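Visitor: sequence-free structure coming up:
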């Protein structure tokens, strides 16, 4: 009975989340069109709204740990669901994503991604995509907090997936600190499906990795930091990864 009630609450939460998105986007669009601050205000206020409705509709709270960076840095995060996208972005003053090019054409989301100066990547072209990403970043996208998902996509808790070399190439080219981010959101808000589990999802900003490591050393350290701390956070939530 308890599961059925939570499932129903999850359905209602999901429906209202997606129904309100286009109206929210359209309300802010005139401001976002003439001033990038309007785009940031729209996306951050929508994310805060989702965090607020999740807390009382489905009993899911979000806790931010660590110190979100404020300078020009590379932010490399574990990606488990849409929830970590919204809350990592909201915790940063001037965050922008490296994201797959296909999302550029998504209604509302794509238009705001362009206004936020996100870097679009054609993942199917591999080496060419990495070179294009570097060129775009050097052309003026490197200011603020550049958010990248080293595994390239959402990864369910307990699933292993390699860390891609693109993050290491950016770290080497930018010569900026890289802030790893560990999460446990996938325990409560899964990669797929409707059901949302009540509890406290944690997003933790870890100690920065300073520039100067080789690409191989960096990628090894990054994976160790993110995976070790994400496993710890998921264990707190009652999930134990089998590694």
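Guide: Cool, got the structure. What you see is a predicted model; the values in this text were computed from it and never measured.
Visitor: what about residue 147, which helix or strand?
Guide: Taking DSSP states H and E as the definition, residue 147 sits inside strand 145-148.
Visitor: partners of that strand in the sheet?
Guide: Each strand paired with strand 145-148, and its direction, by DSSP bridges: strand 73-77 (parallel), strand 95-100 (parallel).
Visitor: does residue 72 really touch residue 178, like I thought?
Guide: No. Residue 72 sits out of contact with residue 178 when judged by C-beta atoms under 8 Å, with a separation of 11.4 Å. Bear in mind the C-beta positions are built from the backbone N, C-alpha and C, glycine included.
Visitor: Could you pull up the residues touching the residue nearest the centre of the chain?
Guide: A centroid search over the chain (C-alpha atoms, centre = their mean) returns residue 85, at 2.9 Å, as the residue closest to the centre. With contacts taken as C-beta atoms under 8 Å, 6 or more residues apart in numbering, residue 85 has the following neighbours: 79, 97.
Visitor: So for residue 72 and residue 178, which sits in the more crowded spot?
Guide: Using other C-beta atoms under 10 Å, the more surrounded residue of residue 72 and residue 178 is residue 178, with 27 against 14.
Visitor: Look up the residues forming beta bridges with that one.
Guide: With DSSP bridges as the criterion, residue 178 is bridged to residue 74, residue 209.
Visitor: And it, how far from residue 102?
Guide: Applying C-beta to C-beta, to the nearest Å, one obtains 26 Å for the distance of residue 178 from residue 102.
Visitor: What of residue 154?
Guide: Taking C-beta to C-beta as the criterion, residue 154 is separated from residue 102 by 15 Å.
Visitor: Now residue 205: closest residue in space, sequence neighbours ignored.
Guide: residue 66 (3.4 Å; C-beta to C-beta, 6 or more residues apart in numbering).
Visitor: for the strand holding residue 147, what is the average pLDDT?
Guide: Mean per-residue pLDDT for strand 145-148: 93.
Visitor: okay, and for the protein, where does confidence drop off?
Guide: When the per-residue scores of the chain are filtered using pLDDT under 70, the ranges that remain are 123-130, 132-133, 136-142, 241-243.
Visitor: for it, longest helix please?
Guide: Here the longest helix in the chain is taken by residue count, with DSSP state H as the criterion, and it is helix 2-34.
Visitor: That one: what's the following helix or strand?
Guide: helix 36-57.
Visitor: Strand 95-100 and that next one, what's the angle between them?
Guide: Note on geometry: by axes from the mean of the first three to the mean of the last three C-alpha atoms, to 10 degrees, helix 36-57 and strand 95-100 are set 90 degrees apart in direction.
Visitor: Mind listing residues that contact helix 36-57?
Guide: Here helix 36-57 makes contact (C-beta under 8 Å, 6+ apart) with 9, 12-13, 16-17, 20-21, 24-25, 27-32, 60-62, 83, 86-87, 89-90, 94, 112, 115-117, 196.
Visitor: Buried ones from these, can you make that a PyMOL selection?
Guide: Per 16 or more other C-beta atoms under 10 Å, the buried members of the contacts of helix 36-57 correspond to this PyMOL selection:
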select buried, resi 9+13+17+21+24+25+28+29+32+60+62+83+86+87+89+90+112+115+116+117+196
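Visitor: Correct me if wrong: the residue nearest to residue 205 contacts residue 208.
Guide: No. Contact between residue 66 and residue 208 fails when scored by C-beta under 8 Å: they sit 10.3 Å apart.
Visitor: Let me know the secondary structure of residue 222.
Guide: Three-state call for residue 222 (DSSP: H, G, I helix; E, B strand; the rest coil): helix.
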